[in-house]
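mind folding the following:
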Amino acid sequence: MTTTEEAIIQETAAYVQELLTGEGSGHDWWHIYRVWNNARHIAAKEAEANLFIVELAALLHDIGDHKFHSGDETVGPRMAKEWLEKYTLSHTNIEHVCTIIKDLSFKGAGTTSEMQSIEGQIVQDADRLDAIGAIGIARTFAYGGHKNRQLYDPHVKPEMHDSFEAYKSSTAPTINHFYEKLLLLKNRMHTHTAKEIAADRHRYMEDFLERFYQEWEGER
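Okay, the predicted model is just below:
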């Protein structure tokens, strides 16, 4: 990257940190920080990726998450565009970042969210890696508590949502989220690097769930 691009990245990081520090649902600055690091790690293995686009999209991907704006998917891309238009960036680069943010979210087990660029695939992989493994487990329960959801109810079965609207409106217990999203992510990674990391994190979640059910029944 050029010196100017590096300066934009640092200013963007500072902006996002100020905006999201202290957020309590698992979508805080430290989530962004981890996704940013994940994305840089993956991009280092993908020689054809534009690192500037990857870093901007990773940093800005959650500044207007639909979950906190009544399901409105346009808020995030709009906020990102407003921020990026402060700089002398090309229309193509701004639109590329905003498209990645628009298409990033998981939209339900029965839906697909295709990424057209390698940069988008890297950022989506990086974000999904932060949704699984030990960090993913912690974030899942943080979000469940934030939304005042039950921990687990064996009478409420997971639902494989066939639309984004159904997925967004779900109020199921937190454990169901593992089956409705988290355990599906391993097979939805794009890059070889993310697939390797995801396999290990996936096994950790399986071990956690096995232990959870044992403790639920008083077996351990």
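
show me the shaky parts of the chain.
Segments of the chain classed as low confidence (criterion: pLDDT under 70) are 65-72, 107-113.

mind naming the longest helix for it?
In the chain, with assignment by DSSP state H, the single longest helix is helix 192-216.

Ala126 and Glu23, how far apart?
The gap separating Ala126 from Glu23 is 19 Å, by Cβ to Cβ, to the nearest Å. In short, each C-beta sits where N, CA and C put it, glycine included.

these two - which one has more neighbours?
For Ala126 and Glu23, the more surrounded residue by other Cβ atoms under 10 Å is Ala126, and the numbers stand at 28 against 18.

now the strands for this protein?
Assigned strands in the chain: none (criterion: DSSP state E).

please, where are all the helices along it?
3-20, 29-43, 51-60, 75-84, 91-103, 118-129, 133-146, 164-168, 174-180, 192-216.

so how far is the longest helix of the chain from its chain's centroid?
17 Å (Cα atoms, centre = their mean, to the nearest Å).

tell me the angle of it relative to helix 29-43?
140 degrees (axes from the mean of the first three to the mean of the last three Cα atoms, to 10 degrees).

can you give me the buried ones in helix 192-216?
For helix 192-216, the neighbour count (16 or more other Cβ atoms under 10 Å) marks Thr193, Ala194, Ile197, Ala198, Arg201, His202, Met205, Leu209, Phe212 as buried.

let me see the contact set for the residue most central in space within the chain.
By Cα atoms, centre = their mean, the chain has its centre lying nearest to Asp127, at 3.4 Å. Going by Cβ atoms under 8 Å, 6 or more residues apart in numbering, Asp127 touches Val35, Asn38, Ala58, His61, Leu104.

so what does the longest helix of the chain touch, helix or strand wise?
Judged by 3 or more Cβ pairs under 8 Å, 6 or more residues apart in numbering; DSSP states H and E, helix 192-216 is in contact with helix 29-43, helix 118-129, helix 133-146, helix 174-180.

show me the contact partners of the shortest one.
Around helix 174-180, the neighbours that count as contacts under Cβ under 8 Å, 6+ apart are 108-109, 140-141, 143-144, 149-152, 156-161, 167, 170, 172, 205, 209, 212.

most widely separated two among the contacts of Asp127?
Maximum pairwise distance in these, criterion Cβ to Cβ, is 13.2 Å, between Asn38 and Leu104.

Lys186: which of the helices of the chain is closest?
Of all those, helix 192-216 comes closest under Cβ to Cβ, at 4.2 Å.

angle of that closest one against helix 118-129?
20 degrees.

contact partners for His192?
His192 touches Lys45, counting by Cβ under 8 Å, 6+ apart.

now that we have the contacts of Asp127, which one has the most neighbours?
For the contacts of Asp127, neighbours tallied by other Cβ under 10 Å; top is Ala58, 33 neighbours.

could you find the closest non-adjacent residue to that one?
Nearest-residue entry for Ala58: Ala39, 4.1 Å, with adjacent residues in sequence omitted and distances by Cβ to Cβ, 6 or more residues apart in numbering.

one more: Gln121?
Of all residues not flanking Gln121 in the chain, His190 sits nearest, at 3.7 Å (Cβ to Cβ, 6+ apart).
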